[in-house]
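[1] Mind looking at a prediction? Sequence and model below.
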Amino acid sequence: MKKINNLYKIVFALIFLVILNACTTDDLDPALKQNKDSETGIVSVDNLYALIKGAYSRMTNSEYYGRDYIVTNEVRTDNCFSNGNSGRFTTQAGFTYSANTGYIWDNCYSVISSANLIINTDLNSLEGDLDEGNHIKGQAYAIRALAHFDLLKTYGQQHVGGNLGVPYITQFLSSTSSEEELYRSRNTIEEVKNFILSDLGTAYDLMSVSSNKEFFSKYAAKALESRVALYFEMWGEAKAAAEIVINSGKYSIIPKDNYISSWESNQNVNSIFELAFSATDNQGINGLAYIYRTDNGVGSYGDVSALPNVATLYEEGDVRADILGYDTNRRGNTYLVNIGKYPDNQGYDNIPLIRYEEVILNYAEALFETGGDALTQLNLITSNRGATAYTSVTKDDILNERRKELIFEGFRFDDLVRTGKDIEKIELEQNFLNTIPYGDYRLAWPIPQSEMDANSNMEQNTGY
């Protein structure tokens with residue numbers, strides 16, 4: 001498995017540098033710095049902290065949550081399209097990717113390797129605060145679960161008629177790993193799902209309550225569990241996980257008057273987990289703001305525009321409509337675009353990965369499916385957005401409210417496929433020619449060709 005087999009070499013170099021930068025000369029003597037394997041270089045809880053920071057930093061990569069993963073799950077829907085201003089995202093938006101296109105495979109497994117190095121470390125052998133060590137290890141379990149979940153949603157066969165998921169990697173791969181560990185076949189969808197939920201349960205148990213939302217916390221693990229359970233139609237589990245977050249009393253919905261300005265600040269009352277972007281790790285021209293708009297043609301790509309129908313989603317007075325605006329790119333073309341979310345054009349905005357509003361929407365859907373009071377939960381959103389309250393609720397109402405609330409954040413594609421819906425051709429601007437029916441092979445990305453070439457145990461998705 002080239003990208004997993006060789007990944008340990010890449011991650012070893014990255015991780016060893018992180019450890020070296022975090023350690024004092026008392027932690028690692030010169031011989032250790034030059035000759036020891038990265039696992040033996042971990043001698044303190046401070047080293048684990050450096051590793052977890054490195055894992056979060058890799059999640060901010062432009063090929064992952066820094067841009068591509070979010071945008072790809074918008075341009076393949078009825079929310080957005082690629083206008084071709086600089087040629088970016090036309091392949092993804094047109095469903096014309098191939099095994100050579102490349103995507104999040106390497107990024108996710110790199111994050112997983114960092115997490116595994118922490119998870120596989122014996123805390124009792126380390127210097128420092130072991131309670132903090134357990135909290136860091138819990139974060140690593142949550143990160144491992146999230147990365148595998150993203151891989152499964154991208155490459156798994158759950159919407160194309162198969163039963164294969166992705167390899168679920170639980171060991172740090174090194175030069176001493178066995179061939180069985182290095183050349184892994186794909187776990188089934190069911191196996192991956194169970195591993196994810198198990199990791200999130202362990203994460204919740206290990207972590208303490210934390211106020212720093214730039215790191216995973218106990219309640220972030222439960223919020224993510226509600227997302228995973230919703231995806232797999234585990235309604236009771238989704239309901240229970242959401243209730244733990246809600247009953248914690250630590251979060252609240254951003255009120256109407258603060259909705260737009262909240263996107264200009266970090267660690268808001270509705271934020272459960274967000275990725276930090278600083279002057280050193282911002283994506284700049286490769287970030288979300290740069291791809292969503294051009295600032296009237298000045299200095300940005302602006303390839304991703306909202307489809308015209310998006311303007312009709314919001315009634316008058318709904319503050320969420322204010323995230324939309326019109327932008328003229330360098331070619332003189334004017335498009336409806338996202339101007340409100342991720343507003344800093346240099347990419348300094350934190351990216352919220354789990355908002356409290358999503359948990360409320362997860363809870364509403366789980367209640368709807370189990371005969372509970374979905375109406376009250378759904379109206380918690382409308383009452384804080386200046387929208388008309390619902391008097392009754394259908395499944396489509398919940399999905400439409402998710403679309404309005406979570407637009408441009410990368411949820412729409414998953415919401416469509418997990419509910420068995422076609423990717424409809426409803427606007428001329430969409431980059432694909434015809435409606436893509438549920439079950440079409442293009443709903444799963446191809447396993448990268450480099451992985452197929454290196455690993456005889458890897459099975460490609462149908463159609464590639």
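    On my side now, so go ahead. Residues are numbered from 1 along each chain as shown.
[2] which strand residues sit across from E127 in the sheet?
    S44 (DSSP bridges).
[3] wait, doesn't it sit right on S44?
    Yes - with contact defined as CB atoms under 8 Å, E127 counts as touching S44 (4.3 Å). From N, CA and C alone the C-beta is placed, and that goes for glycine too.
[4] more crowded one of those two?
    S44 (20 against 13; other CB atoms under 10 Å).
[5] quick one: pLDDT of the more buried one?
    S44 is assigned 95 on the pLDDT scale.
[6] for E180, same thing?
    Note for E180: predicted pLDDT of 71.
[7] Secondary structure element for it, which one?
    helix 179-182 (DSSP states H and E).
[8] ok, now Y342?
    Here Y342 is assigned to no helix or strand, by DSSP H and E.
[9] Also E225?
    Element membership of E225 [criterion: DSSP H and E] is helix 218-231.
[10] if we can go back for a sec, which other helices and strands does the following helix or strand past the helix holding E180 contact?
    Later in the chain than helix 179-182, the nearest helix or strand by DSSP H and E is helix 189-206. Counting contacts by 3 or more CB pairs under 8 Å, 6 or more residues apart in numbering; DSSP states H and E, helix 189-206 packs against helix 130-155, helix 218-231.
[11] pLDDT (mean, whole number) over the first one?
    Read it as helix 130-155. Per-residue pLDDT over helix 130-155 has a mean of 98.
[12] Now do the buried residues in it.
    By 16 or more other CB atoms under 10 Å, the buried positions in helix 130-155 come out as 133-155.
[13] Need the contact partners of the helix or strand where A289 lies.
    Using DSSP H and E, A289 maps to helix 288-292. With contacts defined as CB atoms under 8 Å, 6 or more residues apart in numbering, helix 288-292 is touched by 66-67, 70-71, 88-89, 283-284, 300-304, 337-339, 341-347, 349, 351, 408.
[14] Could you list which of these belong to helices?
    Members of the contacts of helix 288-292 lying in helices (criterion: DSSP state H): I70, V71.
[15] Now the buried members of the contacts of helix 288-292.
    Judged by 16+ other CB under 10 Å, buried ones among the contacts of helix 288-292: 66-67, 70-71, 88-89, 283, 300-304, 337-339, 341-345, 347, 349, 351, 408.
[16] For D150, give me its contacts.
    If a contact means CB under 8 Å, 6+ apart, then D150 has Y69, I104, C108 as its contacts.
[17] typo on my end, Y219
    V209, I244, V245, S248, K250, Y251, I272.
[18] which phi and psi does M207 have?
    Main-chain dihedrals, M207, degrees, to the nearest 10: phi -80, psi 150.
[19] While we're on it, how confident is the model there?
    On the pLDDT scale, M207 gets 97.
[20] Quick check: mean pLDDT of stretch 230-248?
    98.
[21] Which residues are in contact with G102?
    Contacts here follow CB under 8 Å, 6+ apart; on that basis G102 touches E63, P448.
[22] Just say helix, strand or coil for it.
    Using DSSP: H, G, I helix; E, B strand; the rest coil, the structure places G102 in coil.
[23] next one: D327
    Three-state call for D327 (three-state DSSP): strand.
[24] Tell me how many other residues crowd it.
    20.
[25] all strands of the chain, in order?
    Using DSSP state E, the strands found in the chain span residues 80-82, 271-275, 304-306, 324-328, 334-338, 351-355.
[26] Of all those, which one comes closest to S185?
    With CB to CB as the measure, strand 351-355 is the member of the strands of the chain nearest S185 (29.6 Å).
[27] which other helices and strands contact the closest one?
    Applying 3+ CB pairs under 8 Å, 6+ apart, one finds that strand 351-355 contacts helix 218-231, strand 271-275.
[28] before we move on, the earlier item: take the contacts of Y219 and lay them out in a markdown table including neighbour count and distance to A387.
    Formatted as a markdown table, those follow (neighbours: other CB atoms under 10 Å; distance: CB to CB, whole Å):
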| residue | neighbour count | distance to A387 |
| --- | --- | --- |
| V209 | 10 | 33 |
| I244 | 17 | 27 |
| V245 | 26 | 23 |
| S248 | 15 | 26 |
| K250 | 16 | 25 |
| Y251 | 21 | 21 |
| I272 | 25 | 23 |
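[29] As a markdown table, these with distance to D415 would be great.
    Converted to a markdown table, the contacts of Y219 look like this (distance: CB to CB, whole Å):
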| residue | distance to D415 |
| --- | --- |
| V209 | 30 |
| I244 | 23 |
| V245 | 20 |
| S248 | 25 |
| K250 | 26 |
| Y251 | 22 |
| I272 | 19 |
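[30] which of the residues you listed lies closest to S456?
    Once CB to CB is applied, the member of those that ends up nearest S456 is I272, at 41.6 Å.
[31] measure that closest one to S211 for me?
    Using CB to CB, to the nearest Å, I272 is found at 12 Å from S211.
[32] for G249, same thing?
    Between G249 and S211 the computed distance is 13 Å (CB to CB).
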